[in-house]
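Visitor: Predicted structure and sequence below. I'll ask about it afterward.
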Amino acid sequence: MESHTQLGLMPAMGWNSWNTFTWDINEQLIRDVADLFVSEGYKDAGYEYIVIDDCWSLKERDSNGNLVADPAKFPSGMKALADYIHGKGLKFGMYSCVGTHTCAGYPGSFEHEFQDAQQFAEWGVDYLKYDYCFKPRNMSGELLYKRMSLALKNSGRDILFSACNWGEDNVYQWIRESGAHMYRSTGDIRDFWDSVKSLAISQLDKGCYTGSFCHNDMDMLIVGMYGGSNNDYIGSKIGGCSDTEYKTHFSLWSMMGSPLMIGCDIRSANQPTKDILMNPDLIAINQDIEARGAYRIKPEPQWFHTDDVFMLVKVLTDGDVAIGFFNLSDDQREISLQFWDIGLPYASGYSLSLYDCWAHQELGVFKERFSPVVPAHDCLVVRAKLVK
Ligand code: GLA
């Protein structure tokens, strides 16, 4: 068993069934994902949790009040599936909801919190995503997250608690104290550019609300979906994003400390998708052990400022600084960083040696400022090292 003190230390990395498959899930799919995690290198890249989202159970509990896995979708049962995933050296995640029902109308855990936590532990679950639909109106969401947190922590198994209340009810003010290891701070992502852009902009300047053991979850990744969801709202009618947009999406989530939960069908992932999802330089920034949030720098000149062009800066454990130059606008832009703005005055005598985390090459040594030209919807992410 993993040491208690490590659970949730860094943002979780894994795969979740919802974005692509919604209701259409079964044990063979989950096993295939586990196999591919190992054979395609996702596991070596750091991806660990395989999470079944909504629609896994029967519509009714059994006569003892227990949740029942749908035997048509999961004929071998959840324990066998957990064993299979654990056999690959991976971890198993499941889903429930604070309310009477899940968002898709299956039984929720309201007033069954301790019983369900026990059940999840017996099945070998390592991660629970806990949604916010059908919450009785007179109940405080804060209290219900505290309940499930206590239930999980006392289930006899280390279970990472992934709260999912979509940023409602000022969740950032109380979620850390509740015991959750990560918390959704945004509404549901959809597989098109405006969704990525608006979710990212909504989380700017909120870097102080993320950190070790309670990470700000900006929702699952849409990288590599290309509109491939069986749910119209998520993707199938809106066509997906370009590879450049997926690269920018992954860079934003990595820099901003979000958990990295893959949402595409990795059975058919193409090379650009794999290159994005398994970029070791971006993953290293996301998984930096101090797990600091990123701060925003607004580019000069101030009168030209719009929210869709900005720099994000994340201070790393070893003294390096990750810097993202993000151009979410529809026109090419020069984005100028004055080193003064990250705490490096000329008088220090230091320059920055910059490494391009997408081209995987050194860019050279720069003094005082660096001003890349960034195409529309694109970004440049560098790892900057202080040098004399
Ligand atoms: C909510 C959540 C999604 C997903 C669905 C399942 O919308 O925010 O991430 O879990 O419910 O029904």
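Guide: Arrived safely, thanks for sending. Predicted model, so just to flag it, every value in this text is computed and none were measured.

Visitor: Within range of the ligand, give me the residues from this structure.
Guide: Residues of the chain lying near the ligand by CB under 6 Å from any ligand atom: 18, 53-54, 102-104, 131, 164, 166, 188. Backbone N, C-alpha and C define where each C-beta goes, glycine included.

Visitor: among those residues, which two are most distant?
Guide: Ala104 and Trp166 (15.2 Å; CB to CB).

Visitor: if I look at Ala347, how far off is the ligand?
Guide: 49 Å (CB to the nearest ligand atom, to the nearest Å).

Visitor: For the chain, which segments are assigned as helices?
Guide: 18-21, 27-39, 42-45, 78-87, 113-123, 141-153, 175-178, 193-202, 243-255, 271-277, 280-286 (DSSP state H).

Visitor: which residues sit against the first one?
Guide: By that I understand helix 18-21. Contacts to helix 18-21, defined as CB atoms under 8 Å, 6 or more residues apart in numbering, come from residues 29, 53-54, 189, 191, 220-222, 225, 228-230, 234-235, 263-265.

Visitor: For this structure, list the residue farthest from the centre, please.
Guide: Ala347 (39.2 Å; CA atoms, centre = their mean).

Visitor: how is this structure carved up into domains?
Guide: 13-286, 295-387 (automatic domain parsing).

Visitor: Let me have these in CSV, adding mean pLDDT as columns.
Guide: Below are the domains of the chain laid out as CSV (pLDDT from 0 to 100):
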stretch, mean pLDDT
domain 13-286, 97
domain 295-387, 95
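
Visitor: from these, which stretch is densest packed?
Guide: Here the criterion is mean neighbour count by mean count of other CB atoms under 10 Å, and of those the winner is domain 13-286, at a mean of 20.

Visitor: Now find how far off-centre it is within its chain.
Guide: 8 Å (CA atoms, centre = their mean, to the nearest Å).

Visitor: cool, and stretch 381-388?
Guide: 26 Å.

Visitor: and if you look at stretch 337-346?
Guide: Per CA atoms, centre = their mean, the centroid offset for stretch 337-346 relative to its chain is 30 Å.

Visitor: those strands in the stretch 201-350 of the chain, which residues are they?
Guide: 215-217, 260-262, 295-297, 309-315, 321-327, 333-334, 337-338 (DSSP state E, counting those that start in this stretch).

Visitor: Same list, these, but as a markdown table with distance to Lys385 please.
Guide: Shown next, in a markdown table, are these (distance: least, CB to CB, whole Å):
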| stretch | distance to Lys385 |
| --- | --- |
| strand 215-217 | 26 |
| strand 260-262 | 24 |
| strand 295-297 | 19 |
| strand 309-315 | 13 |
| strand 321-327 | 8 |
| strand 333-334 | 23 |
| strand 337-338 | 15 |
